[in-house]
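>>> let's see this in three dimensions:
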Amino acid sequence: EAKKYPAIHKNDDFDSDFKRSGLIMKKKVIACILCIALVMTLLSGCGNKDEKGSLAGKLENIKDTVSDDSDSKASSDEAASEEDKAEDTEKSGGDDKALKESAEGSGEEQKEKQEEEAGDDAAHYEEIYAPVLSEVYEVMDKGYDYDRTYKYISDGLMERAMYPGDDDLMKVIGYVIEDMSGDGIPELLVGGDEDYGEGPTSFIYSIFTVKDEKPFPVIEGWARSSHRSLGNGHFYYLGSGGVASTFMGEYRLSDNGQESVWVDFYFTDEKESGDIGTYHNTTGSCEAAESDEIDLPEDEFSRMMDDYEKRCVNISWTPIGDFEGGKEGKSGSEKSSSHDYSYEGTVFTIDGKDMDVREEVPAVNAITDAYEVGDWIILDCHVNPHFGMYEFYNTNSGNFEYDIQGANLTWRDDDLSTAVYSMFNEVYDFWGHPIGWVNEGEVYGVKWIDDKTVGAECWIVDEKGNEDEFTEKYECEPHDKAVLSYYEYLLGGDKQWEKLTYNAPGNAVALVIVNPPERILDKLPRPIVYDKDAYDRVVVVSLEDGLSVHIEPGSYASEGSASGRKHEINKGEALVYQVTVPEGLPNGSLVVSSPIGDEVSWDIIQISGKSPVMSEYLTAY
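So this is what the prediction gives:
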């Protein structure tokens, strides 16, 4: 499960190569032990047992009988079909020529429409799978980082990255997006061809499907647990758990594509007597007690393996090096992007326009790196040995729109709302809210350990001069993704509005933001004064047209304030209130009414006392 948590380190200045070299052999041993355990985990399952199994020959006789019956039925149906066609032709008399031409024209239009829709679907699903492909691209391009936790890299991909041989992995490793389960949602297969037997064979290292509009892992393969395609949405599995244990079988994906459904599963296992038993089931369980023992000689077992391998078909992979989104992993002038940009000294050049970052932060003396994430290009700027500045250039507005002072900035996937960084011995989230601090030692790195834990990698020297490293862990759950999406929308990213509303509850009518950064407030209307001495700002963003907003009085309302005055805003527009937001008793209520009469009231008070949450969706019911 540790492999399922993402952590992308974008500015790791700490050189840990000397540590990695000593850990490689140790980690390879651990990986081998995990491989054997994972074989058992992958194949374990539950279900009703079949009737007592028999020899493979009897199983094949049953399959042959079914095949003969199917062929006979198909021949009868074909003959009947030909007779029906002849009779229909005789009745029609061929006098429907005009109608036929009209139908053909309509068919062409329908075909064009279907092709257009198919193209839209393909682009949609490639966008969903982009985080997977970007991570695969990065590992195949730059190598596997033992000190990093990956979210989408299977053990098979790790092995290929560790032992590439003479292969160019950017060409050898590839992907296919195709509906394998028949539910209309295409799966993502990641794999590559290897020399096996008489020629190249396609091995599958990962299968993903879509769940809740996100990549969902289904199958993971590696050297001792391999998967190959049999065509028609079926797959061949071959695994090994040691000298006495071999696993083999055929499966397909479930109707929703989220798990394997076994057609046949065979395995060998050592009995208490020391003999090797052979077992069969259709559940994928590798427990002898949940399977039927069959009298299958070793040579017959091997013949069945050969038969399966003969049925395997190769896959036409798209090389991972051709995935355009993966090129976002490169930096500076080498980076492939829809924008032509580079940097030299303190000057950032994009699309022919020069911008000196010293106009934003005079203390900057050099740009050391650049990363493109979504609509942003982040410049890593040097200030002094202890910290730097991160300048965020927005490609929609064409300006620097955000900055962070600190070091070790990192985030998960392409989601900047998960960004964390350090400043001296303190760790902060993207919005500058403190997460934790280190009492002793020096922070040299920050990383996500899992989806709710941030780790500060620290280095310390004791009084005797002994060096030691340790990791401080802090509970952290990213907040306010909607705030970033709305800010990106204000800067010209229309697709960010879709992100904002997609993550909102279905009955949400507005988004409330308490004290957003000044960069956001600068893009919004002047505040409506409710409390003239207040330092706080409350922003109301409408998610639909014709929203009515007003504040019902509280104890801090100024004389002649806007208390009770109604204001109407449409979708995407915002109101800003100058109002005190207390931690104790509410300072009045914000009332939001939709055009159809739905009304929601929000107490003007800090949203959360536990975490630095500054936004909340308001729901009508």
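>>> any weak-confidence spans in the stretch 451-600 of the chain?
Flagging of the stretch 451-600 of the chain using pLDDT under 70 yields the residue ranges 493-494, 554-564.
>>> isn't there a strand covering residue 305?
No - using DSSP: H, G, I helix; E, B strand; the rest coil, the assignment for residue 305 is helix, not a strand.
>>> which residue packs closest to it, ignoring adjacent ones?
Using Cβ to Cβ, 6 or more residues apart in numbering and skipping residues adjacent in sequence, the residue nearest residue 305 is residue 248, 5.8 Å away. Where C-beta positions appear, they are placed from N, C-alpha and C, glycine not excepted.
>>> what's whichever strand or helix holds that neighbour packed up against?
Element membership of residue 248, judged by DSSP states H and E, is strand 246-253. The contact analysis (3 or more Cβ pairs under 8 Å, 6 or more residues apart in numbering; DSSP states H and E) places strand 246-253 against strand 234-240, strand 260-270, helix 298-311.
>>> next secondary structure after the helix or strand hosting residue 134?
Here residue 134, judged by DSSP H and E, is contained in helix 130-142. Per DSSP H and E, the first helix or strand lying C-terminal to helix 130-142 is helix 155-162.
>>> for the residue nearest to residue 520 when sequence neighbours are not counted, helix, strand, or coil?
Leaving aside its chain neighbours, residue 520 sits nearest to residue 487 (5.1 Å; criterion: Cβ to Cβ, 6+ apart). Three-state call for residue 487 (three-state DSSP): helix.
>>> next, count neighbours for residue 487.
By other Cβ atoms under 10 Å, the residues close to residue 487 number 21.
>>> likewise for the one 3 residues further on?
Applying other Cβ under 10 Å, we find 22 residues neighbouring residue 490.
>>> so which strand or helix has the closest residue in space to it that isn't next to it in sequence?
Leaving aside its sequence neighbours, residue 490 sits nearest to residue 523 (Cβ to Cβ, 6+ apart; 4.6 Å). Under DSSP H and E, no helix or strand contains residue 523.
>>> contacting residues for residue 484?
By Cβ atoms under 8 Å, 6 or more residues apart in numbering, the residues touching residue 484 are 416-417, 430.
>>> go again using 7 Å as the cut-off
By Cβ atoms under 7 Å, 6 or more residues apart in numbering, residue 484 lies in contact with 416-417.
>>> that one sits in which helix or strand?
Per DSSP H and E: helix 481-490 holds residue 484.
>>> what about the helices in the chain?
Along the chain, the stretches classed as helices by DSSP state H are 17-43, 56-92, 97-128, 130-142, 155-162, 169-172, 298-311, 481-490, 494-502, 518-521.
>>> which stretch in those helices has the least confidence?
Comparing mean pLDDT across the helices of the chain, the weakest is helix 17-43, with a mean of 37.
>>> any idea how far residue 148 lies from residue 453?
15 Å (Cβ to Cβ, to the nearest Å).
>>> I meant to write residue 507 there.
Distance, residue 507 to residue 453, using Cβ to Cβ: 32 Å.
>>> then residue 306?
To residue 453, residue 306 is 48 Å away according to Cβ to Cβ.
>>> one more: residue 236?
Computed with Cβ to Cβ, the distance linking residue 236 and residue 453 is 39 Å.
>>> ok, these two, which is more surrounded?
Using other Cβ under 10 Å, the more surrounded residue of residue 236 and residue 453 is residue 236, with 21 against 14.
>>> pLDDT on stretch 364-378, on average?
Stretch 364-378 comes out at a mean pLDDT of 91.
>>> end to end, how far does it reach?
This stretch, stretch 364-378, spans 14 Å end to end (Cα to Cα, to the nearest Å).
>>> buried stuff in it?
Within stretch 364-378, the residues that qualify as buried by neighbour count (16 or more other Cβ atoms under 10 Å) are 364, 367, 369-378.
>>> list the contacts of the spatially most central residue of the chain.
Centroid-nearest residue in the chain: residue 131, 4.6 Å away (criterion: Cα atoms, centre = their mean). With contacts defined as Cβ under 7 Å, 6+ apart, residue 131 is in contact with 152, 215, 413-414.
>>> mind listing the residues bridging to the residue lying closest to residue 371 once chain neighbours are set aside?
Spatial nearest neighbour of residue 371, chain neighbours left out: residue 378 (4.8 Å); criterion: Cβ to Cβ, 6+ apart. Assessed by DSSP bridges, residue 378 has beta-bridge partners residue 371, residue 392.
>>> quick one: contacts of the strand holding residue 248?
Taking Cβ under 7 Å, 6+ apart as the rule, strand 246-253 contacts 39, 43, 180-181, 187, 218, 230, 233-241, 260-268, 286, 305, 308.
>>> which of the contacts of residue 131 ranks first by neighbour count?
Going by other Cβ under 10 Å, residue 152 tops the contacts of residue 131 with 23 neighbours.
>>> does that residue touch residue 135 like I think?
Yes - Residue 152 lies in contact with residue 135 (Cβ atoms under 7 Å); the separation is 4.7 Å.
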